[in-house]
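Enquirer: predicted coordinates and the sequence they were generated for:
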Amino acid sequence: MADSSSNHTIETHNLCMIYRSGKVNVPALQNINLNVEQGEFIAIMGPSGCGKSTLLHLLGGLLQPTSGRILLDGVDISKLSDSERTAVRRKKIGYVFQRFNLLPTLSAKGNIELAKQIHGNGSMNYNGVDRILDMLGLSEKIHFRPAELSGGEQQRVAIARAVINRPAIILADEPTGSLDSRNSRIVLQILQDLNEKLHQTIVMITHDSEAASMASRIIEMKDGQILDPASKYSYEPEFESLY
Amino acid sequence: MENLTAANIRSRPTRTFISILAVALGVVLMLIIGGIATGTLDDYLGRTVGMGADYILQPSGSSVFYAFSNAALNVKLAGKLAEVPGIEAVTPVLAKFSSSDFSLIFGIDMSSYNQFSGRLQLVSGRLSLGENEVIVDQLYAEAKKLAPGMKMTVLGHPFTVSGICRPGAVVRVFAPLKTLQNLNGTPDNVTIMFLKATPGADEIAVFKELQRRFPNYALARATDSNLLLADARLPGFKEFRVTIVVVSMMLSFMVILLAMYTTIFERTREIGILKSLGASRRFIVGMILKESAMICCLGALLGIGISEVVRKIIITKFPTLQVAMSVDDLIRGLILGLLAGILGALYPAYKAARMDPVRALSFE
């Protein structure tokens, strides 16, 4: 299934996703063709409901498309079974969410160790957890539970969890959406460093143009489609027209 | 490395505690009720064997539990039994259950009864039974604080304790056969005949001869408890024990099913997170089963502990009641408790493993 003719880490071909709500079909994505090269940092922007998160879930193998293909390192994951897609996700992908999604019962260190355990390298590189927490300025808080950490600290733990297994791709779903501007800058800087120093491919969804400016490429979406760069969508809310 | 299972258990202490307690309850139920049934039977069989009889004869269809048998044997049958070649001694006994202290009373003919090796061995008082006298064993005397010469009421009839014998005899209270027959309203009948073979006689041949001559009676060999149990009919005993085990297991099963089902619902988002991290279905099933196994293990251990305390309380408060609890029983309790819990967690684990990760992640 590997396609050796392409150097793209991520490719989608005519990707469509239709949700079924009762008897009504709701198209979420229509003919998405996207190429992301290895080591690229792209930002996806667009209004709520335009299909950004659906696209990210499809790229991460959390959803199966209605039609079309998704190639990750040449492997068409749209044809894979649920357990095969899970295995791809485990080996290749790290997720960062807007709401951090840390397990509340585990400490910062426990959350990261869990990712290692799931990946299957739980016993390897044991000091890596301490090191990454140290690098992210969390060495004092490794035994703190998520509820005892600030939003910014939780997101840094979530990033540490996403990268501990050195995934090829990081999918970030509005990683700064729940953070203040200071913590947003820290998180974006970490993502940029990961991209530049470790050459990790990053696909980030954001509403924040400042955050998007950190990416090497910005893709804009509307109504389930990627907009032509020539017809850029303005996502700035036009509150002025209310008054 | 931090343990997710232990962390999950610790994070919901009330639910965990109630689940552990419910599993423990199932184990206590299984060990105590099963222990009382087995203990009573073992004690009964042991003391019957201790009587020193080679055979016992009862009305047809009787079980080894004399208490549930009618006094349907004519006392004159003892004479006919004694005529069988190879039979040295026969003693007729009327067994009567006293519901007031949940014990069995034997009406005996002292002279023939004492021809058996399990005869009454006096500790204090005298070895004779006047019309309104009883002999009780030491355990019974201690439990009821009785001494020779003291009055007691048995089956609503006043008796005087004439002597106290060693424990280990078939029952703990012995009254004169005639008196008990009259109290029972069956002046000529008894419940059971104990028979002793002549030393050196072929026990099997004598048994066969007894069966041939008395085909309409229930005969059992009584030289050891296994033989007695094999020959005696114990209708429903095995089924009773199985029922206790099944009810106990069902209790643990349902508690764990409910607890784990609720847990899965509560943790929908967490399961979505695990899936987004690439956790396989096997990992998620394993996590739920491990949690359930840990709860059940703790529950079973607590149940064993509580059962031991309850057993001690029972034998202290009711010295005549036996509660058998062997190491095998405890291991069985532990394994069955664990098994029930794991079975109960299977469906919730399966449900969790099949959860849609995107829906789970958006669960509030």
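Expert: Received, thanks. Residues are numbered from 1 along each chain as shown, chains lettered A, B, ... in the order given.

Enquirer: how about the secondary structure of the residue of chain A found nearest chain B?
Expert: Residue nearest to chain B within chain A: residue A:90 (2.6 Å; Cβ to the nearest Cβ). For the C-beta atoms, the positions are set from N, CA and C on the backbone; glycine is no exception. When classified by DSSP: H, G, I helix; E, B strand; the rest coil, residue A:90 comes out as helix.

Enquirer: thought residue B:363 was touching residue B:272?
Expert: Yes. With contact defined as Cβ atoms under 8 Å, residue B:363 reaches residue B:272; the gap is 6.7 Å.

Enquirer: so between those two, which is more surrounded?
Expert: residue B:272 (22 against 16; other Cβ atoms under 10 Å in any protein chain shown).

Enquirer: list the contacts of residue 98.
Expert: Just going to use chain A. A:173-175, A:177-178 (Cβ atoms under 8 Å, 6 or more residues apart in numbering or on different chains).

Enquirer: not quite, I wanted chain B
Expert: Residues in contact with residue B:98, defined by Cβ under 8 Å, 6+ apart, are B:104-105, B:154-155, B:173.

Enquirer: how about the nearest residue to the residue in chain B that chain A sits nearest to, chain neighbours excluded?
Expert: Chain B approaches chain A most closely through residue B:278 (2.6 Å), counting by Cβ to the nearest Cβ. Counting by Cβ to Cβ, 6 or more residues apart in numbering or on different chains, residue A:90 is the residue found nearest to residue B:278 once chain neighbours are left out, at 2.6 Å.

Enquirer: next one: residue A:225
Expert: Here the nearest residue to residue A:225 in space, its sequence neighbours aside, is residue A:30; by Cβ to Cβ, 6+ apart that works out to 5.3 Å.

Enquirer: where does that neighbour land in three-state SS?
Expert: Following three-state DSSP, the label given to residue A:30 is strand.

Enquirer: so which elements touch the helix or strand of chain A with the lowest mean pLDDT?
Expert: When the helices and strands of chain A are scored by mean pLDDT, DSSP states H and E, helix A:127-135 comes last with a mean of 77. The helices and strands touching helix A:127-135, judged by 3 or more Cβ pairs under 8 Å, 6 or more residues apart in numbering or on different chains; DSSP states H and E, are helix A:108-119, helix A:151-163.

Enquirer: turn these into TSV, columns for mean pLDDT.
Expert: As requested, the helices and strands packed on helix A:127-135 are exported to TSV (pLDDT from 0 to 100):
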stretch	mean pLDDT
helix A:108-119	91
helix A:151-163	91
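
Enquirer: helices along the chain, start to end?
Expert: In the absence of a named chain, chain A is used. With DSSP state H as the criterion, chain A has helices at A:52-59, A:82-92, A:108-119, A:127-135, A:151-163, A:181-198, A:209-212.

Enquirer: could you do chain B instead?
Expert: B:4-11, B:13-50, B:77-82, B:110-113, B:138-144, B:177-184, B:203-213, B:225-231, B:237-266, B:268-276, B:281-317, B:327-353, B:357-361.

Enquirer: quick one: contacts for residue B:134?
Expert: With Cβ under 8 Å, 6+ apart, residue B:134 has these contacts: B:105, B:152, B:154, B:159-162, B:173-175.

Enquirer: need the residues of chain A near chain B, please.
Expert: A:57, A:60, A:62-63, A:82-83, A:86-87, A:89-91, A:93, A:95, A:97, A:101-107, A:109-110, A:113-115, A:117-119, A:122, A:161 (Cβ under 8 Å from any Cβ of the partner chain).

Enquirer: give me the most central residue, chain A.
Expert: residue A:171 (1.6 Å; Cα atoms, centre = their mean).

Enquirer: circling back: near the residue of chain B closest to chain A, how many other residues are there?
Expert: 26.

Enquirer: what's the answer for residue A:25, then?
Expert: 10.

Enquirer: wait, isn't it in contact with residue A:17?
Expert: No. The criterion here is Cβ under 8 Å, and residue A:25 misses it with residue A:17 at 10.7 Å.

Enquirer: the longest strand along chain B pairs with which strands, parallel or anti?
Expert: Scanning chain B for the strand with the most residues, using DSSP state E, yields strand B:87-98. Applying DSSP bridges, strand B:87-98 is found paired with strand B:103-108 (antiparallel), strand B:192-197 (antiparallel).

Enquirer: that one: which residues count as buried?
Expert: Residues of strand B:87-98 classed as buried: B:87, B:89-96, B:98 (neighbour count, 16 or more other Cβ atoms under 10 Å in any protein chain shown).

Enquirer: sorry, back to before: ok, the residue nearest to residue A:225 touching residue A:14?
Expert: No. Residue A:30 is beyond contact range of residue A:14, at 9.0 Å (criterion: Cβ under 8 Å).

Enquirer: with neighbour numbers in mind, choose between those two.
Expert: Set residue A:30 next to residue A:14 and count neighbours by other Cβ under 10 Å: residue A:30 wins out with 16 against 12.

Enquirer: in contact with the more buried one, which residues are there?
Expert: Applying Cβ under 8 Å, 6+ apart, the residues contacting residue A:30 are A:16, A:223-225.

Enquirer: nearest spatial neighbour of residue 54, chain-adjacent residues omitted?
Expert: Picking chain A for this. Per Cβ to Cβ, 6+ apart, closest to residue A:54 is residue A:28, 4.5 Å.

Enquirer: wrong one, I was asking about chain B
Expert: Looking at residue B:54 with Cβ to Cβ, 6+ apart, the closest residue is residue B:197, at 4.3 Å.

Enquirer: okay, now that neighbour: neighbour count?
Expert: 22.

Enquirer: does it have beta-bridge partners, and which?
Expert: Beta bridges link residue B:197 to residue B:87, judged by DSSP bridges.

Enquirer: how far away is it from residue A:87?
Expert: Residue B:197 is 76 Å from residue A:87, where distance means Cβ to Cβ, to the nearest Å.

Enquirer: returning to that earlier point: narrow the residues of chain A next to chain B to those that are buried.
Expert: A:57, A:60, A:62-63, A:82, A:86, A:89-90, A:93, A:95, A:97, A:101-103, A:105-107, A:109-110, A:113-115, A:117-119, A:161.

Enquirer: now stretch A:221-234: mean pLDDT?
Expert: For stretch A:221-234, mean pLDDT is 73.

Enquirer: picking that back up, pull the contacting residues for the residue nearest to residue A:54.
Expert: A:17-19, A:51, A:54, A:224.

Enquirer: try residue B:252
Expert: Residues near residue B:252 by Cβ under 8 Å, 6+ apart: B:22-23, B:26-27, B:296, B:299, B:336-337, B:340-341, B:344.

Enquirer: give me that answer again for 6 Å
Expert: Residue B:252 sits next to B:23, B:26, B:337, B:340-341 when contact means Cβ atoms under 6 Å, 6 or more residues apart in numbering or on different chains.

Enquirer: make JSON lines out of these and add distance to residue B:42.
Expert: As requested, the contacts of residue B:252 are exported to JSON lines (distance: Cβ to Cβ, whole Å):
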{"residue": "B:23", "distance to residue B:42": "27"}
{"residue": "B:26", "distance to residue B:42": "23"}
{"residue": "B:337", "distance to residue B:42": "23"}
{"residue": "B:340", "distance to residue B:42": "26"}
{"residue": "B:341", "distance to residue B:42": "30"}
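
Enquirer: which of these are buried, as a PyMOL select command?
Expert: In PyMOL, a selection of the buried entries from the contacts of residue B:252 looks like this (16+ other Cβ under 10 Å):
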select buried, chain B and resi 23+26+337+340+341
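
Enquirer: can you add pLDDT and distance to residue B:130 and give the contacts of residue B:252 back as a markdown table?
Expert: Listed next are those as a markdown table, based on pLDDT from 0 to 100; distance: Cβ to Cβ, whole Å:
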| residue | pLDDT | distance to residue B:130 |
| --- | --- | --- |
| B:23 | 88 | 55 |
| B:26 | 87 | 51 |
| B:337 | 83 | 54 |
| B:340 | 85 | 56 |
| B:341 | 84 | 60 |
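
Enquirer: among the contacts of residue B:252, list the two that are farthest apart in space.
Expert: Greatest spacing in the contacts of residue B:252, by Cβ to Cβ: B:26 and B:341 (9.4 Å).
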